[in-house]
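> Sequence isn't available, so here's the structure alone:
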């Protein structure tokens, strides 16, 4: 790289982002308070890692808080945690959830205005000297923007000696085509090398993502807050030994809770039940730190559905953060089908047509006799009349329509 200038000096930092303290977790009801408390436990664990490793800076690259409206108890608790680690230099960048917007910012609360000396909030673009180099910060001052916040880092870099290590800090979406919104602070994928930075600490997305030849990192949230965050729960320990050299990055797990999703499919009830039982048994030793979601799929007769829901509820009772997501549908018995045809002939024909449309369009459909079989031409005509593109349709669309019809049937009886 043409801008490489080797010079003595080392910088060690712990890079985190997206703590989102004060998140509501409404879907967990009365368990939400415990999920919010856990995040402070994880924050202490990360700060202990920073203390043990003797870092020059504990960096929070945006979204320490869920928003600027979090309650004062949350703000006070965060500052209290930082006070417990007065020997760890903490540098906080406002993100899009908690931007520095002036008097209404969480950063202007009394707790932060009276924060201990080891805590520094970047309220404006700023340069701070740490260890053998400099932190160059570009904080967010609004919730949305189409301007790349890392552009300011190039200007800041011109104000520091060319032979000293440069570490940028900002917050926003990586400008990956098709994976970001235009007004979501799009950050160029080469933002670190463009500003001739040795490392760029970024926050915003909640999964670990490395870019720009290993110089730009988004570490994800240190404590997962949703399912399907397979690459969350980490902080990054960074060591840069000389200006221009590649950073050494260590991925450190700090999360308190493990989030898991299991699927129960009625296509094979016995196998699904055995798999679920084995997984639950494996996690039974740590029920209070396991956030578990079980998703029910497929269709079954009324009695089987009810019995399965009861058994799953009993199986999940030891897990305080368990959720049962029911995406299953009702499969009518032969007797119920005959009754439907006799009592609700119009609905029966609609279900028959829907089943045939599904079979003709996506190759799958329920066995449902029809007095008026559909032809491929009928299928094309019906879809065209509804302005539906057959190439955009999937089996799940037909299953949802069928489920809604059967739900209406149950409510009518």
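Now that the structure is in, tell me what you want to look at. The model shown is predicted, which means the values in this text are computed figures rather than measured ones.
> Give me the buried stretch members for stretch 378-397, please.
Neighbour-count burial for stretch 378-397 flags 379, 382-383 (criterion: 16 or more other CB atoms under 10 Å). Yep, even glycine has a C-beta here, placed from its N, CA and C like the rest.
> try stretch 142-151
143, 145, 148-150.
> From the chain's centroid, how far away is the helix or strand hosting residue 276?
Secondary structure from DSSP states H and E places residue 276 in helix 269-283. What separates the centre of helix 269-283 from the centre of its chain is 26 Å, taken as CA atoms, centre = their mean, to the nearest Å.
> Need the per-residue pLDDT for the residue nearest in space to the middle of the chain.
Central residue of the chain (CA atoms, centre = their mean): residue 206, 4.7 Å from the mean position. pLDDT for residue 206: 97.
> on contacts alone, who are the packing partners of the helix holding residue 276?
Packing partners of helix 269-283 (3 or more CB pairs under 8 Å, 6 or more residues apart in numbering; DSSP states H and E): strand 258-265, strand 290-297, helix 302-316.
> any chance of these in JSON lines, plus mean neighbour count, distance to residue 398 and mean pLDDT?
Converted to JSON lines, those look like this (neighbours: other CB atoms under 10 Å; distance: least, CB to CB, whole Å; pLDDT from 0 to 100):
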{"stretch": "strand 258-265", "mean neighbour count": "16", "distance to residue 398": "17", "mean pLDDT": "94"}
{"stretch": "strand 290-297", "mean neighbour count": "20", "distance to residue 398": "15", "mean pLDDT": "94"}
{"stretch": "helix 302-316", "mean neighbour count": "14", "distance to residue 398": "19", "mean pLDDT": "91"}
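> Which of those sits closest to residue 74?
Residue 74 lies closest to strand 290-297 among the helices and strands packed on helix 269-283, at 20.4 Å (CB to CB).
> Tabulate the helices and strands packed on helix 269-283 (JSON lines), appending distance to residue 32.
Formatted as JSON lines, the helices and strands packed on helix 269-283 follow (distance: least, CB to CB, whole Å):
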{"stretch": "strand 258-265", "distance to residue 32": "15"}
{"stretch": "strand 290-297", "distance to residue 32": "12"}
{"stretch": "helix 302-316", "distance to residue 32": "18"}
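> Residue 403 looks like it's in a strand, true?
No. Residue 403 sits outside any strand when classified using DSSP: H, G, I helix; E, B strand; the rest coil, being helix.
> Start at 41, not 1
Got it, the first residue is 41 from now on, which makes the last one we talked about residue 443.
> Can you report how many residues neighbour it?
Other residues near residue 443 number 15, with proximity taken as other CB atoms under 10 Å.
> OK, contacts around the residue lying closest to it once chain neighbours are set aside?
Once flanking residues are discounted, residue 443 sits nearest to residue 369: 3.9 Å by CB to CB, 6 or more residues apart in numbering. By CB atoms under 8 Å, 6 or more residues apart in numbering, the residues touching residue 369 are 338-339, 439, 442-443, 446.
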